[in-house]
Structures are given as structure tokens and as C-alpha cells.
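S.K.: Quick one, structure for this:
(chains A, B, C and D)
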Number of protein chains: 2
Amino acid sequence: MVVHQLGPVDIDRVFAALADATRRDIVTRVLQQEASVSVLARNYDMSFAAVQKHVAVLERAQLVSKHRRGREQIVRGDVGTVRAAARLLGNLEELWRSRIDRLEQVLDEPSGGDPPCPSSAPRPTPSS
Amino acid sequence: MVVHQLGPVDIDRVFAALADATRRDIVTRVLQQEASVSVLARNYDMSFAAVQKHVAVLERAQLVSKHRRGREQIVRGDVGTVRAAARLLGNLEELWRSRIDRLEQVLDEPSGGDPPCPSSAPRPTPSS
DNA sequence: GTAACGTACAACCCCGTGGTTGTACATCAG
DNA sequence: CTGATGTACAACCACGGGGTTGTACGTTAC
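M.R.: Model prediction:
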């Protein structure tokens, strides 16, 4: 478990960085094999500077890290940040599941006593 | 399994929508319990119109769906889209894992035969 | 040394986003 | 009916994203 967390991952930046097909593709590549920025740039139909910016966005989101090797800048994927984002989505799924549990709990009580909190719109039976 | 996919989920929009704390909070709420836009708006320190826009962004990303009930617009979370995003991140983790496997495969062969694809930068041993 | 390569960074343009306010319309309560 | 509530939508503004080109600088190759 090599988890050397540098800064507390900024979830806003992470999701914003993932909201672009080119950047997701870059992450996909460098998670499998690290590559220099110029090598990455050859894969896309845009200028080197554009790819450079994408890598910079990914770096600020801590989805990749850059390391100089001679005149090249080697980009490597950071799976820890990917996991952090995945965990957040997993928590959302968990919350949804718990809501289902609550509904089933209600359905299991055929004519159970009083609902704990009928504050929100208890179907006012429109008289029409 | 109630998976009625309306349109092919636009991953760009999904991640972009999740890249905002207010919107993530809205999703968190309506995944647990559906709520009207005005009820949601009471929770945040911004105008109703701003919250309305956030909900619109979430709706375009298919993270929530809106349903009219009288004069109210009920917002409900769509866990399917959350799962779609989570799956994508899971695939990234999987790719990273496979990369580790490949490295270990190399390390397991002390002087093994030929590597299957030595195309990318086979460490040119700088003569310094 | 000279040239080619890899990178960094600035300036610029277009457009979507996140917020505001204002106005209009439909619905429910009296 | 009138009035309050919930929503929709437009106009507006500031800011940043995604792309371009151009220029400058360090490093490697010959």
C-alpha cells in the first residue's frame, strides 16, 4: 500500500478534470504506462500546447504526476486519486441503497403506527 | 433491476456536473429523498434561480430527473448514472492493476526470452 | 558549435458556467 | 376574485476552460 498523499484531493478539480474525453484518455494511457508529454501529444489532433494544458489540469487535480527525465517530462497516472473519486460515487450509491431500505421498512409495516416525520407533502388528496 | 436508460449517458456532462459541491450536495439529498426545487433551494445561500440552474445541469447529465406534481417540480436522483460513472473509474483502476501485473511478469522472468512489445523507450542506457 | 527536440509560458479568442435580477405564468389558499 | 407560492426564462456580468499561435529556454544529437 503505497499511499503517499501529498495534499487533500480537491474533488471539484478531480471531477472537472475527468469531464473531458482527451484528459480521460490521457489518464487511461499513463495509468497503464508512463509517457512524456510530447509522446502523449502525438496521439491527439491538437497542438502540443493544448495537450500540455490538459496535463497541467490533470496534475493540479493530482490525477497524474510529472517527473523530469533529461529534457523530457514524464507523466504518470495516480490511481489513488481515481480511487478517491470512485469512493465518493460509491458513497452516493450507498445512500441511495439506504433510502430503499427505509422504503421497504415502511412497506413491511402493513398498518403500522405513526410515521416519524410526515412533514413533506403527504398527498393532500385533491378534491377534484 | 430497473434500468430504463433513456439516452446514452454523456460522461462529459456527468463529471462536469459532479465538479461542483452544491450539485453534489443536491444529488446526495435527492438520492435519499426526492424534493421539490424550492425545498432544495432553501438549503443553500443563493437565489432560487441559481439552484434551478444547478438542477438543470444535473438533469442534462441525467443525474436527476424532474417530475411535475401540481405546481411543484419534484427532483429525484438517478443512481444508474452514478453507477455508470463509478464503473468508468473502476475500469481505470483495473487498467492500472493490469499494468502492475505486467511489471511483475517482467520481474518474474530473470532472463526470460523476448518481451512482446518493446516499442516504447526501452531505456537507451545513456553512455555517460 | 549548430540544429533539432522537448518543454514552458504568454497573449489571444470563443463559449460555457455560475451567479445575479427582473418578469411572466400556473397553481393553490382565502 | 385576490394574493401567495412555485416555477420558467431572459438578460446581464465576471470568470475560467479549451483551443490557437508565437516566442524563449534547456537538453540532446551530430
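S.K.: Please identify the buried residues of the helix ranked longest in chain A?
M.R.: As assigned by DSSP state H, the longest helix anywhere in chain A is helix A:79-108. The neighbour-count check on helix A:79-108 (16 or more other C-beta atoms under 10 Å in any protein chain shown) flags A:79-86, A:88-90, A:92, A:95-96, A:99 as buried. For the C-beta atoms, the positions are set from N, CA and C on the backbone; glycine is no exception.
S.K.: which ones are touching the residue nearest the centre of chain A?
M.R.: Geometric centre of chain A, nearest residue: A:Ala85, 3.5 Å, by C-alpha atoms, centre = their mean. Going by C-beta atoms under 8 Å, 6 or more residues apart in numbering or on different chains, A:Ala85 touches A:11, A:14-15, A:18, B:89.
S.K.: quick one: which of these is most hemmed in?
M.R.: A:Leu18 (28 neighbours; other C-beta atoms under 10 Å in any protein chain shown).
S.K.: you'd agree A:Val55 is in a helix?
M.R.: Yes - secondary structure of A:Val55 (DSSP: H, G, I helix; E, B strand; the rest coil): part of a helix.
S.K.: pLDDT weak spots in chain A?
M.R.: A:1-6, A:100-128 (pLDDT under 70).
S.K.: what does it put close to DNA strand D?
M.R.: Residues of chain A lying near DNA strand D by C-beta under 7 Å from any atom of the strand: A:16, A:19-20, A:22, A:45-47, A:49-50, A:53-54, A:57, A:70-71.
S.K.: out of everything not next to it in sequence, what's closest to the residue of chain A found nearest DNA strand C?
M.R.: With C-beta to the nearest atom of the strand as the measure, A:Ser38 is the residue of chain A nearest to DNA strand C, at 2.7 Å. Distance criterion C-beta to C-beta, 6 or more residues apart in numbering or on different chains; nearest residue to A:Ser38, sequence neighbours excluded, is A:Phe48 at 6.6 Å.
S.K.: same thing with A:Ser98?
M.R.: Excluding the flanking residues, the one nearest A:Ser98 by C-beta to C-beta, 6+ apart is B:Gln32, at 7.0 Å.
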